[in-house]
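Undergrad: structure for this input, please:
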Amino acid sequence: MASYAALLSLFHTLNHINIHPRPPISLDQQQLHSLTQNLTFLLDFLERYSGEEDDELEGRITAAAYAAEDVIESYIVCQIHARTTSHGENITSVDLHQGLERVIVDMDLIKKEAMEVLIKEEMKESQHHHLHTNSSVSTASAGQSSTTVGFDDVFITKVLDKLTGQHCGLQIIPIVGMGGIGKTTLAIHIYTKPLIDQHFDICAWVTISQEYSRRNILRVLCQEVKASKDDLISRMSEDELGETLYKHLWGRRFFIVMDDMWSTDAYDKVNSFFPNNNNGSRIMITTRLSNLALELSSSHVFKMQFLDVDKSWDLLCKTVFGKLDCPNELEKIGKEIARNCRGLPLSIVVIGGFLTKSQVTRAHWEHTLQNLNSLINLEDDEYCLQVLRTSYKELPIHLKPCFLYMGVFPEDFEINVSQLIKLWVSEGILKPNDDKSLEEVAEEYLKELMERNLILLHKLRWNGEAKLCKIHDLLRDVCLREAQKQKFICIVSQQKHHTPQGINMERRICINPGNSKEEVYPELLHAEESASLTRSLLYNMPAYRNKDSLPLHLGLLRVYSPVAKINNRFVRDSYNVIFEQANLRCLLFKLNLDAESRFHTLCPLLWNVQTLNVVSKYYHTPAMAPSEIWEMPLLRHVMLHKFVLPDPPNGEDSPMLENLQTLSGIINLKLSEEVVKRIPNAKKLKVRYRRTGVDDEGGFCLNNLGRLQKLESFNLDVDRLGRGDKENILRNLVSFPNSLKKMSLNGTELSWEELTIRIGSLPHLQLLALTLNACMGPKWETVEGQFCSLKVLHISYCDDLKYWDTDSAHFPRLEHLRLHFLEEFEEIPSSIGDISTLKSIRLEHCGRSARDSAERIKEEQEENGNEDLQVIIGSYLE
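TA: Presented below is the predicted three-dimensional model:
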């Protein structure tokens, strides 16, 4: 796997040089041709090769690919620094040529050996081909991760009875069992039951894990129960959080789930903030530790049992075949596979996910059974890990690097899918597809891993796509073992005894220091001083202290990113050093730059950059971004918060930014013909217009927006402009792209009629957010034939809106309606409830009459047999 990832990484490096209109170096064309040919052959070889991942041949492939990258990128960095600074090693073009020549000779020898291996494997396959009979049986379709574990109904009823029983005092209900047995799945199953929602006034969920903090537990609980606004909660001290939580829970019957607890200390640190209201409040805890469960509750422990043979087989069938029956010729083998999973649901669904994506043949199932039989004498925990490792080993090789990469995220962490995809792309571990962008390839890989139950879908976006994902901690253990075994990722906190010589060879370092802030800085300093060949530095730690300067001296660094949401504070020397990393591809956090930073002079050094996220400290006088950004053709995502982006330089030889997908945070973007021509594939555009005193009139230009025919998301904020400026912008905005799926308007002051005519006709628009008087007028009348694809409608702070004249046919696909802070709004038309696709109505800070109309809709729908419609009413105005 590491060899495949190394080849892909080299392939992307060569491709970046090749497609760059002004590459930092020029490679010998004959050498480039030889390298490309060898790369193509070896990638194809590894996709067909059935040898062990840690064998000598794969090790040589990895070393050769790394050597080529080191020679090329070291020369690039040297050349860039030689032109701009006084430091850097003196690597000559002769050194480059000789270094690559040695790599090519080595690759030629490896290629010859690989060809001999393929010939032997093909002969072996031919000899055994007549023994295998293929079956045309279909397996279950995508989405098997939602298969429900075969819980015992009697067991669930007992848990529910204990939760909703007559005992008045606050009770702790532990659910105990080994990893992978389904504790969290059971807790979710119970937590989401209508009975629980009806019985308790407040429900909340918090995941504890082995590494936790008292503050974080209290913060999450305060957010879950909506004890205050999120921005206020984030600024509270621990004591303030605890007091806020206690006051909010006081007098109410609450149900709190504390998932994945490893120590009673985690409960002891927060239990004083759970009032005993003597009204039947309950706390459910899931844990692997029986002694912990008994310490917290000696009489209410529920121990989860392994599935019996019949339930194991039933779960495996549902995972592999869905509603279809298992073919007779596979049933006997299938039952043996299920039995060998030892009743552990996680093992069953992971093996099932593997079988779903594999050939449905007797021979293949027998091979799977044979692999499981070889593990029979292991203890339960180690056995489960080896079963999961079997599923990893059987993954297609193109998925393996992406799966192992999941090990960089903390245990039980909610992983942002958008960030994950940016990291995969920047790491160069995705195989290019001529018909798709790398982001689309990454989305397909993620979907495949989810379908195999190796990654868990945690939260959906408004459009049904994955927003957050997670990985089970046992699968994460597999990732860490395999990644470190193959030297794919080095986790510093788990390998604290690395010698400088050992860590020097690591390509990816993840700093995960645990819970102690004091550990962070020495580990980071040690890693960065030692690892001169490192390409990726990922970390999970708190903010730097202001007195510290970031010790970033990794000359070949490509990816520099947190893996968790972290408050980053850097002193000036630190972020100037960041922009000296000439090889950098991905800077995945906001850098707060002041006027004395060297952003303008150092930014042009970043020939390789794909993702840039920078914010100016001076909001009232936006900073001017360097015009060299228009000369960076590899850019994919640009977030320049509070910056004005200058016009692109004139000249026919100026490069197109064909890879650019995101342009966000720009102040007064002048969307001229030249700009639109430069960013033809932009998918996401977020702009803000306001008076700055610098070329304001010329900057208020969205005239050519309609020419961005691949734009899917558009966010426009003109709230700080006067009425005349707003009218001028919208008058010249002749059309919107038909490709738009998501639109947010803030302060535009359109009439409701203009909204319906100009925006309602967009054929693919699925989400529309109108905020801060995006529309003006007391009445909105809609007509049939508009908003045909709209799924989410959000209206907030549109002060004039009082009446809404509409019909269910006017929003035929609406799923979610959100109305916030509409003080004058009278009522939601009852016909809205008749929309067959409608799932939820949410009101916040609207008048009593609006609230009453929402409740009437819910009652009417329940009378008509529709009990699925959710009506959520928060605070309301009297």
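
Undergrad: ok, which stretches of the stretch 301-450 of the chain are strands?
TA: 302-303, 415-416 (DSSP state E, counting those that start in this stretch).

Undergrad: any idea which of these is most buried?
TA: Mean neighbours per residue, mean count of other CB atoms under 10 Å, is largest over the strands of the stretch 301-450 of the chain for strand 415-416, with a mean of 21. Bear in mind the C-beta positions are built from the backbone N, C-alpha and C, glycine included.

Undergrad: strands paired with that strand, and their directions?
TA: strand 466-470 (antiparallel) (DSSP bridges).

Undergrad: quick one: the strand it pairs with to chain centroid distance?
TA: Offset of strand 466-470 from its chain centre (CA atoms, centre = their mean, to the nearest Å): 6 Å.

Undergrad: so for it, mean pLDDT?
TA: Mean pLDDT, computed over strand 466-470, is 93.

Undergrad: on that earlier part again, least confident of the strands of the stretch 301-450 of the chain, on average?
TA: Averaging pLDDT over each of the strands of the stretch 301-450 of the chain puts strand 302-303 lowest, since it has a mean of 88.

Undergrad: other residues contacting it?
TA: The contact list for strand 302-303 (CB atoms under 8 Å, 6 or more residues apart in numbering) reads 155, 158-159, 162, 173-177, 290.

Undergrad: cutoff 6 Å now
TA: Strand 302-303 is contacted from outside by 159, 175-176, using CB atoms under 6 Å, 6 or more residues apart in numbering.

Undergrad: burial check on S298, number of neighbours?
TA: 9 (other CB atoms under 10 Å).

Undergrad: that one and D268, how far apart?
TA: Note on S298: its distance to D268, by CB to CB, to the nearest Å, is 16 Å.

Undergrad: go on, P24?
TA: Taken as CB to CB, the span from P24 to D268 is 57 Å.

Undergrad: the two: which is more packed in?
TA: Shown here are P24 and D268; by other CB under 10 Å, P24 has more neighbours (20 against 12).

Undergrad: spit out the contact partners of that one.
TA: Applying CB under 6 Å, 6+ apart, the residues contacting P24 are 76, 79-80, 607.

Undergrad: what is the nearest of those residues to R214?
TA: W607 (45.7 Å; CB to CB).

Undergrad: count of residues packed around that closest one?
TA: Neighbours around W607, by other CB under 10 Å: 23.

Undergrad: do I256 as well
TA: Other residues near I256 come to 23 when the count uses other CB under 10 Å.

Undergrad: partners of whichever strand or helix holds it in the sheet?
TA: In this structure, I256 sits in strand 254-259 according to DSSP states H and E. Paired strands of strand 254-259, with direction, are strand 202-207 (parallel), strand 282-287 (parallel) (DSSP bridges).

Undergrad: tell me the most buried of these?
TA: Most buried among those, counting by mean count of other CB under 10 Å: strand 282-287, with a mean of 24.

Undergrad: the helix or strand immediately after that one in the chain packs against which elements?
TA: As assigned by DSSP H and E, the chain's next helix or strand after strand 282-287 is helix 290-296. Packing partners of helix 290-296 (3 or more CB pairs under 6 Å, 6 or more residues apart in numbering; DSSP states H and E): strand 171-176.

Undergrad: for the strand it packs on, C-alpha coordinates in PDB please.
TA: The C-alpha atoms that make up strand 171-176 are tabulated as PDB, following Å, rounded to 0.1, in the frame of the first residue of the first chain:
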ATOM      1  CA  GLN A 171     -30.300   7.100  37.900                       C
ATOM      2  CA  ILE A 172     -27.200   6.000  36.000                       C
ATOM      3  CA  ILE A 173     -27.900   3.200  33.500                       C
ATOM      4  CA  PRO A 174     -24.600   1.700  32.200                       C
ATOM      5  CA  ILE A 175     -24.500  -0.400  28.900                       C
ATOM      6  CA  VAL A 176     -21.300  -2.500  29.000                       C
END
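
Undergrad: between strand 254-259 and that strand, find me the angle.
TA: Going by axes from the mean of the first three to the mean of the last three CA atoms, to 10 degrees, strand 171-176 is angled at 30 degrees with respect to strand 254-259.

Undergrad: so what strands line up beside strand 171-176?
TA: The strands that strand 171-176 pairs with in its sheet are strand 282-287 (parallel), strand 302-303 (parallel) (by DSSP bridges).

Undergrad: strands of the stretch 601-750 of the chain, residue ranges please.
TA: With DSSP E, counting those that start in this stretch, the ranges of strands along the stretch 601-750 of the chain come out as 611-616, 623-624, 637-644, 662-667, 684-688, 713-717, 742-746, 750-751.

Undergrad: show the pLDDT at S138.
TA: 38.

Undergrad: then the one 4 residues further on?
TA: The pLDDT attached to A142 in the predicted structure is 33.

Undergrad: residues in contact with D259?
TA: 184, 207, 286.

Undergrad: can you measure across stretch 703-711, start residue to end residue?
TA: Start-to-end span of stretch 703-711 (CA to CA, to the nearest Å) is 15 Å.

Undergrad: show me which residues of that stretch are buried.
TA: Within stretch 703-711, the residues that qualify as buried are 703-706, 708, 711, counting by 16 or more other CB atoms under 10 Å.

Undergrad: ok so, going back, and the contacts of strand 302-303, which is closest to F413?
TA: The closest of these, once distances to F413 are taken by CB to CB, is I175, at 21.6 Å.

Undergrad: hmm, which of the contacts of D259 is lowest in pLDDT?
TA: Per-residue pLDDT puts T184 lowest of the contacts of D259, at 87.
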